[in-house]
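Participant: Have a look at this prediction, sequence included:
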Amino acid sequence: MLDPGAFGYFAGGTGDEFTLRDNVEAFSRWQLRPRVLVDVSEVTTATTVLGREVSMPLLVAPTAFQRLAHPDGELATAGAAAATGTVMCQSTLSSVTPGELATAAPDARLWFQLYWSRDRGFTSDLLARVVEAGFEAVVFTVDFPAAGRRERDLRAAFTLPDDLPTPNIPASLQRQDFHAALGQIVDTTLTWRDLEWLRETCSLPVLLKGILSAEDALLAAEHGAAGVIVSNHGGRQLDGVSASLDALPEVVEAVGGRLEVLMDGGVRRGTDVLKALALGARVVLVGRSVVWGLAVGGQEGARDVLELLRAEVALGLTLLGCRSPGEVTRAHVKSK
Ligand SMILES: Cc1cc2nc3c(=O)[nH]c(=O)nc-3n(C[C@H](O)[C@H](O)[C@H](O)COP(=O)(O)O)c2cc1C
């Protein structure tokens, strides 16, 4: 349903796409260990993240430029998340402002993903608008000091349509060449010290997205992050890094319950969600699967994907012998 350029943008990774493929393949390297004769007459997929309930251990990951998938773009995705009782994380690279999204989907639970530009005044104004719009958390993406080299986009000479608004980045970057602008939307001088500025500027809990090592997870805990998202940006940044699922255990072990550990990358099935939970993730996020639903059927399509995944998680929990996501433990999985 998508133009080839847009399809390549959504589907692709960087370099040889080793990490893109490995994100999915990593799930086949683990096997579930069900327990039997457990009373599973009542199973719930509900859980909590950052202290608040969600209907399932699966949230909508931030993905940019959703209007390329469907004219309703982010508004449709927020409606789908609201209809299924989960959180949508809005990308900085959206076609609507945080206020517009919150107004259009008043029932949606929203987090905001931050690309932090060199213009501090712009960034603090943006954060103020995020707080004012009632968002619940800020997801600071830390694996993007430069845009990865996405060769599908280069081969297709992919450019953004002229009429695609990007209101959450400084005006000076808005109408630049797509690849040049992507590389300039973040301040490359940022270090751990700047997290203090973020926490002083914005009262919301901050999650760091793009953590792949125990060392960085510990630094995140020391610098007051509320959580980390183990992620390699869906294989779209440094090619050759480990699959998110493979990086998850070392991060979980390092933080030892001091902060919440989330993960994304390669989740395609309810059973993938169960494996991530067993390896210590509080919840997972899904990127491309929701975009495909959005492309096929707008809000309904995105909602169908989320409902399908929720039904798979419910059935998987039942067959695994768990009454809720909280009952899934390390003993429910083994490496192949
Ligand atoms: C088309 C596309 C756009 C994305 N845009 C963003 C973004 O703007 N900000 C961000 O932090 N991550 C972005 N990501 C990464 C996702 O948040 C997430 O880490 C990744 O998609 C998870 O992998 P999955 O697609 O296999 O579920 C993007 C991913 C895709 C596929």
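Facilitator: Nice, I can see it.
Participant: ok, residue 55 to residue 21 distance?
Facilitator: Distance from residue 55 to residue 21, counting by Cβ to Cβ, to the nearest Å: 31 Å. Just so you know, the C-beta spots here come from the backbone N, C-alpha and C atoms, and that holds for glycine as well.
Participant: Looking at this protein, what residue ends up closest to the ligand?
Facilitator: Nearest residue of the chain to the ligand, counting by Cβ to the nearest ligand atom: residue 287, 2.2 Å away.
Participant: what number of residues lie near the residue nearest to that residue when sequence neighbours are not counted?
Facilitator: Nearest-residue entry for residue 287: residue 61, 4.0 Å, with adjacent residues in sequence omitted and distances by Cβ to Cβ, 6 or more residues apart in numbering. Neighbour count for residue 61, taken as other Cβ atoms under 10 Å: 27.
Participant: OK, contacts around residue 61?
Facilitator: Contact analysis of residue 61 by Cβ atoms under 8 Å, 6 or more residues apart in numbering lists 89, 234, 264, 285, 286, 287, 290.
Participant: ok, and the first one, which helix or strand is that part of?
Facilitator: This means residue 89. Assigned by DSSP states H and E, residue 89 belongs to strand 87-90.
Participant: Toward the C-terminus from that strand, list the very next helix or strand.
Facilitator: helix 98-104.
Participant: in the stretch 201-336 of the chain, which spans are helices?
Facilitator: 214-222, 244-255, 270-278, 288-320 (DSSP state H, counting those that start in this stretch).
Participant: most centrally placed residue in the chain?
Facilitator: residue 61 (2.7 Å; Cα atoms, centre = their mean).
Participant: how near is it to residue 286?
Facilitator: Distance, residue 61 to residue 286, using Cβ to Cβ: 6 Å.
Participant: same deal with residue 97?
Facilitator: In terms of Cβ to Cβ, residue 97 sits 24 Å off from residue 286.
Participant: and those two? which has more neighbours close in?
Facilitator: residue 286 (25 against 17).
Participant: now the residue nearest to residue 105 when sequence neighbours are not counted, what's its secondary structure?
Facilitator: Among residues not flanking residue 105 along the chain, residue 78 sits closest, at 3.6 Å (Cβ to Cβ, 6+ apart). Taking DSSP: H, G, I helix; E, B strand; the rest coil as the rule, one finds residue 78 in the helix state.
Participant: Fine by me, we can end here.
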